[in-house]
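Engineer: Here is a sequence together with a model predicted from it:
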Amino acid sequence: MKPNILQLNPILVPAINDTLGERYTVHRLFEQHDKDAFIREHGASIRGVITGGHTGISNDLIARLPALEVIAVNGVGTDAVDLAFARARGIPVTATVGALTEDVADLAIGLMLAVCRAICTGNDFVKTGNWKKNPHPGALPLSRRFSGKRVGIVGMGKVGRAIAQRACAFGCPIAYTDLRRMEDVPHQFVPDLLALARGCDILVLAAAADKAQGIVDAAVLDALGKDGYLVNVARGKLVVESDLVEALSKGAIAGAGLDVFVDEPNVPAALLGMDRVVLQAHRASATVESRTAMGEMVLASLSQALAGQRPEGSLTT
Ligand code: 8YV
């Protein structure tokens, strides 16, 4: 009999789903109407869980899966899994570390370019026919240059480093903050987030959100200033979203490029009509390349754990 796997959110690569289906009986909880009844019926037989970085898994659900041998996060963030809880139960939790770095960094650069150069505003202007109606070259205000802007990166892990590498190619001076100075990073370390925000033009969030909820608040946004931009490719909860909405509304910062939000897919209504904001639907890793590599890592974690081995890259065992 094939092992039973519980999947908490979809995988979008057909080849990965095919392999999952060949190896396991996959129960897609996200397709179940009555999730509670489903767990009551099947919970005892579940040996592996696949979840997303943002979705994670609750302690309550872990406790209802007594045969669980592995939680494979199809993502790099583990802030939605209680690692200590899993560790105490001896359950390996794996993440797809390294698989999505390049694409998340690419999107961060894309958002920086998009907000500085008002690319989406220009796109709408042409596509809605407004250029034809209003062909005067001053119909759209001048945008801002991205090259050479001072970039402040919050979180100098794999993604932060990849963003820095790309921004360097645009001639951007880089500073960063993290829990500690990284000896192998040539950029300026600024221990204090307020000071980092004060000294940069674009503040980019690339940090893990396990312990960093609400670090970007009104004070940080004020320090970033009226010509500053915020870009977030990490987690919405790093930001006090109401403070961000207020800062954007009153012009305390110049704009924002956001891929992530506190309560996805519920984006604060005020952001939807703002020209100075570029929004994405949590898409930083949503490329064929990243999602294929991530899916392969999920497959490897499941097969290693269910063969009785410690999965490579387990964060808890
Ligand atoms: C994914 C993410 O959207 O890696 C993460 O932590 O949030 C994203 O890359 C998500 O995990 C897809 O399942």
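Structural biologist: Now that the structure is in, tell me what you want to look at.

Engineer: Which residue does the stretch 101-250 of the chain have closest to the ligand?
Structural biologist: Nearest residue of the stretch 101-250 of the chain to the ligand (C-beta to the nearest ligand atom) works out as residue 104 at 7.0 Å. Bear in mind the C-beta positions are built from the backbone N, C-alpha and C, glycine included.

Engineer: which regions of the protein sit below the pLDDT cut-off?
Structural biologist: Scanning the chain for pLDDT under 70 picks out nothing.

Engineer: Run through the residues of it sitting next to the ligand.
Structural biologist: Counting by C-beta under 6 Å from any ligand atom, the chain comes close to the ligand at 9, 52-54, 74-77, 100, 282, 285.

Engineer: The spatially closest residue to residue 61 that is not a sequence neighbour and the ligand, how far apart?
Structural biologist: Spatial nearest neighbour of residue 61, excluding adjacent residues (C-beta to C-beta, 6 or more residues apart in numbering): residue 39 at 7.0 Å. As judged by C-beta to the nearest ligand atom, to the nearest Å, residue 39 and the ligand stand 20 Å apart.

Engineer: Now do the buried residues in the strand or helix carrying residue 39.
Structural biologist: Element membership for residue 39 (DSSP states H and E) is helix 35-42. Residues of helix 35-42 classed as buried: 38-39, 42 (neighbour count, 16 or more other C-beta atoms under 10 Å).

Engineer: for the helix or strand that comes right after that helix, packing partners?
Structural biologist: Next helix or strand after helix 35-42 toward the C-terminus (DSSP H and E): strand 46-52. In terms of contacts (3 or more C-beta pairs under 8 Å, 6 or more residues apart in numbering; DSSP states H and E), strand 46-52 is packed against strand 4-7, strand 70-74, helix 288-306.

Engineer: that older thread, between the residues of the chain next to the ligand, which is nearest residue 194?
Structural biologist: residue 77 (24.4 Å; C-beta to C-beta).

Engineer: How about the contacts made by the closest residue to the residue of the stretch 101-250 of the chain closest to the ligand other than its chain neighbours?
Structural biologist: The shortest distance from residue 104 to any non-neighbouring residue, by C-beta to C-beta, 6+ apart, is to residue 284 (4.2 Å). By C-beta atoms under 8 Å, 6 or more residues apart in numbering, the contact list for residue 284 reads 100, 103-104, 107-108, 233, 259-260.

Engineer: The residue nearest to residue 61 touches residue 62, doesn't it?
Structural biologist: No - between residue 39 and residue 62 no contact is recorded; they are 11.1 Å apart, counting by C-beta atoms under 8 Å.

Engineer: Just the strands from the chain, written as ranges.
Structural biologist: For the chain, the strands defined by DSSP state E occupy 4-7, 25-28, 46-52, 70-74, 93-94, 151-154, 174-177, 188-189, 202-205, 229-232, 255-258, 277-279.

Engineer: Would you convert these into a markdown table that also reports mean neighbour count?
Structural biologist: Output for these, formatted as a markdown table (neighbours: other C-beta atoms under 10 Å):
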| stretch | mean neighbour count |
| --- | --- |
| strand 4-7 | 22 |
| strand 25-28 | 17 |
| strand 46-52 | 24 |
| strand 70-74 | 28 |
| strand 93-94 | 26 |
| strand 151-154 | 28 |
| strand 174-177 | 23 |
| strand 188-189 | 15 |
| strand 202-205 | 28 |
| strand 229-232 | 26 |
| strand 255-258 | 25 |
| strand 277-279 | 21 |
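
Engineer: just so I know, which of the ones you listed lies nearest residue 122?
Structural biologist: The nearest among these, by C-beta to C-beta, is strand 277-279 at 11.4 Å.
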